[in-house]
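Asker: Take this sequence and fold it.
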Amino acid sequence: MVHFGDIPQEFCNKEKSRIVILPIPYDGTSTWVKGSDKGPEALLEASANMELYDIETDTEVYLQGIYTALAIKEDKSPEAMVAASEKEATKYLEQGKFLVTIGGEHSVSIGPISAYAKKYANLSVLQIDAHADLRDSYEGSKNNHACVMARAQDLCPIVQVGIRSMDVDEKKRLDLNRVF
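Answerer: Numbering: from 1, shown residues only. Prediction:
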């Protein structure tokens with residue numbers, strides 16, 4: 001298993017680590033180019049080449065421990081993947097971990113956002129994307145990649161940055177005061 005940042009093993013302990021990286025290599029609802037399921041592994045491998053010192057905080061964050069969890073490999077349906085990722089995210093949040101999820105396609109965000117919304121009443125989500133992803137349902141699923149921000153909006157306030165493309169029906173869900 002590849003650990004984030006290729007940090008020394010002593011800082012990868014599941015129990016002692018303050019930070020958890022949760023890979024979700026899912027690509028089940030992509031409609032154009034497939035391959036986003038390869039993203040988590042590529043990110044973890046690339047992280048071995050970064051500097052571990054953070055200029056802004058003047059710290060080496062990895063010293064707090066960064067545990068890389070086993071990847072969620074649920075691919076039966078988007079609903080099953082969302083349920084599995086929410087369950088896993090909830091487990092780490094209940095342990096007081098700082099959770100970072102890395103995915104695949106946009107729909108991998110739905111489960112962790114739901115877990116966070118249940119824990120933090122004042123949660124909001126910032127989306128930086130070209131597409132609104134505000135469809136209520138797409139290709140028979142409410143958990144499709146084209147619906148992720150509609151699901152987030154069901155749970156908490158959202159702010160969208162960079163939107164340049166959407167379906168006419170998505171405009172109905174758009175809050176123009178929260179789009180930049």
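Asker: in which helix or strand would I find residue 152?
Answerer: Assessed by DSSP states H and E, residue 152 sits inside helix 148-155.
Asker: Rounded mean pLDDT for that helix, please.
Answerer: If you average the pLDDT over helix 148-155, you get 97.
Asker: For residue 140, grab phi and psi.
Answerer: Backbone torsions of residue 140, given as degrees, to the nearest 10, read phi 80, psi 10.
Asker: ignore the last one, residue 45
Answerer: Main-chain torsions, residue 45, degrees, to the nearest 10: phi -60, psi -40.
Asker: Tally up the residues packed near the nearest residue to it once chain neighbours are set aside, please.
Answerer: Take residue 45 and drop its neighbours on the chain: the residue closest to it by Cβ to Cβ, 6 or more residues apart in numbering is residue 2, 5.8 Å away. Backbone N, C-alpha and C define where each C-beta goes, glycine included. Other residues within reach of residue 2, judged by other Cβ atoms under 10 Å, total 16.
Asker: Please tell me how far residue 2 sits from residue 140.
Answerer: Separation of residue 2 from residue 140 (Cβ to Cβ, to the nearest Å): 35 Å.
Asker: and residue 27, that one's in a strand?
Answerer: No. The assignment for residue 27 by DSSP: H, G, I helix; E, B strand; the rest coil gives coil, which leaves it out of any strand.
Asker: residues in contact with it?
Answerer: For residue 27, the contacting residues are 34, 35, 36, 37, 104, 105, taking Cβ atoms under 8 Å, 6 or more residues apart in numbering as the criterion.
Asker: How confident was the prediction at it?
Answerer: In the prediction, the pLDDT value recorded for residue 27 is 94.
Asker: before we move on, the earlier item: out of the contacts of residue 27, who's the most crowded?
Answerer: Per-residue neighbour counts (other Cβ under 10 Å) across these peak at residue 104, which has 27 neighbours.
Asker: what's the closest residue to it other than its chain neighbours sitting at in phi/psi?
Answerer: If you skip the residues right next to it in sequence, residue 104 has residue 26 as its closest partner in space, 3.9 Å away by Cβ to Cβ, 6+ apart. Main-chain torsions, residue 26, degrees, to the nearest 10: phi -120, psi 140.
Asker: Count the residues that sit near residue 26.
Answerer: Residue 26 is surrounded by 29 other residues when neighbours are defined as other Cβ under 10 Å.
Asker: now it: how far from residue 131?
Answerer: If you go by Cβ to Cβ, the gap between residue 26 and residue 131 works out to 18 Å.
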